[in-house]
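*Asks:* the sequence and its predicted three-dimensional model are supplied below.
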Amino acid sequence: MEGIKGFFTSIITLQGLIAVGIAVVLCIIIFLISKKRGKSMSTKTVVAVGIGAALYAALSAVAIPIGPNTSFRIAIVLLPIFGAFFGPAAGFLIGFIGHALNDAFMYGSVWWSWVFMSAMLGFFGGFVRMDKRFDPLNGVCTKLNILSLYIWSAVGMFVGSMMAYFGDVHLYGEPAEKLFIQITLANISNLVVVFVIGVPAIAIIAKSRTKNSGLTKGK
């Protein structure tokens, strides 16, 4: 109950209202673009968002401190994977909702500027879906797609870092020097998880789907 109370209490703060407002506007833009491209959010994607957000919130509880209020979290690996499989809207919502829920249940309130660190990683990780040839669930994943995943993930980290920095400094009044250290450590941690585990995992899953498809056709 305390976690749920902390979640909703955090929403009605100035930081929470700004964060939710940005999230709503961004989601509307994504949905409109997707609808124009004939790719409205399917029921499968909605279910994936619910499952992914719950998993991300739960796994984020497994954290190894690496600096001031900064931890190494294996849960980050879920963001590029879900983004790549279900698109930028799903990646964004999983990162945004999952991170917010974890903050609320673990600490009693949500630190909204850092929620966008996760949300942007999932969001940009899903941009690889713009390539119509990319379909990892059906075993279609080229070397160019893998390169795109690395690039978009790096962009997501950069944008998320900028949002976390400006949010902490201008909305929470945190010292800039402290933020520089936190963001640097967080990005090193995220790079290790995403680049060494996340992206290769997507390639492995796609490859396994190719083999499964071949076996099915052989039958």
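*Replies:* Everything's here; your move.
*Asks:* surely G173 is in a helix?
*Replies:* No - under DSSP: H, G, I helix; E, B strand; the rest coil, G173 sits outside any helix and is assigned coil.
*Asks:* what is the burial count for it?
*Replies:* G173 has 7 neighbours, counted by other Cβ atoms under 10 Å. Quick note: C-beta positions are derived from backbone N, CA and C, even for glycine.
*Asks:* state the distance from it to W114.
*Replies:* Using Cβ to Cβ, to the nearest Å, G173 is found at 15 Å from W114.
*Asks:* next: Y172.
*Replies:* Distance of Y172 to W114, given as Cβ to Cβ: 10 Å.
*Asks:* helix or strand for the spatially most central residue of the chain, just tell me which one.
*Replies:* Compute the mean C-alpha point of the chain, and by Cα atoms, centre = their mean the closest residue is G122, 2.7 Å away. Secondary-structure assignment from DSSP states H and E places G122 in helix 112-125.
*Asks:* picking that back up, where's the closest residue to the residue nearest to the centre of the chain other than its chain neighbours, which helix or strand?
*Replies:* Spatial nearest neighbour of G122, chain neighbours left out: G91 (3.0 Å); criterion: Cβ to Cβ, 6 or more residues apart in numbering. If you go by DSSP H and E, G91 is part of helix 88-107.
*Asks:* list the buried residues for that helix?
*Replies:* Neighbour counts over helix 88-107 (16 or more other Cβ atoms under 10 Å) mark 88-105 as buried.
*Asks:* so L59 sits against R73, correct?
*Replies:* Yes - between L59 and R73 there is a contact at 7.4 Å, judged by Cβ atoms under 8 Å.
*Asks:* looking at those two, which is more packed in?
*Replies:* R73 (23 against 17).
*Asks:* the more buried one: what's it in contact with?
*Replies:* L59, S60, V62, A63, I64, S189, V193 (Cβ atoms under 8 Å, 6 or more residues apart in numbering).
*Asks:* in strands, which of those appear?
*Replies:* Applying DSSP state E to the contacts of R73, the entries found in strands are A63, I64.
*Asks:* list only buried entries from the contacts of R73.
*Replies:* Counted by 16+ other Cβ under 10 Å, the contacts of R73 give L59, S60, A63, S189, V193 as buried.
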